[in-house]
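Q: just the structure for this:
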Amino acid sequence: MKKTLSIIAVTALCTTALQAKQPRSPEVIFAKKCAMCHTISRPKSKAEKKTLVAPPLEAAMAGVVITIDALDGPFNDEQMKKESVAFLKKYLMEPAREDTNCEDQVVTKFGMMPSLKGFISPQELDVVVPWVYDKYRPLKVDGKYQKLTKRK
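A: Below you'll find the predicted structure:
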């Protein structure tokens, strides 16, 4: 009986430990790791614009996708996602001025993206980066990127 209870207790602890190591949802990771600096969409007023500490996510994603597509593409949708996600994972951990897709005035205003090494885990990046890409990338229709629109 004691042995059975011990096995049950160890199994429960191991299960709890494994669940604790599971990456959180992309929404939770974004809220805890990204939203402290990045808003989702462009500000609607000058007052909102003054409060920005980083480019809005929609603008940042447009810079990433459009630059990668222009310099290394054109890519089909699947390849564009693969290239963008790979770039973002590397850049977020090791940002370098020569790798940035931001315009000079954006870097002048906000500075460089700080390294997230030690702040976000590779597992969290694996969860949140594809989600950000899917949700906030600019859409390309008939070979042209469309104005950013809100997506559900």
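
Q: which residues of the protein score low on pLDDT?
A: Residue ranges of the chain with pLDDT under 70: 1-23, 147-152.

Q: and the strands in it?
A: Here the chain has its strands, by DSSP state E, at 140-141, 144-145.

Q: give the closest residue to residue 67 in space, chain neighbours not counted.
A: residue 101 (4.0 Å; Cβ to Cβ, 6 or more residues apart in numbering). All C-beta atoms are positioned from the backbone trio N, CA, C, and that covers glycine.

Q: count the residues that sit near residue 146.
A: Per other Cβ atoms under 10 Å, the neighbour tally for residue 146 reads 10.

Q: that older thread, tell me how far the residue nearest to residue 67 lies from residue 90.
A: 12 Å (Cβ to Cβ, to the nearest Å).

Q: center of this protein - which residue?
A: For the chain, the residue sitting closest to the mean C-alpha position, by Cα atoms, centre = their mean, is residue 129 at 3.8 Å.
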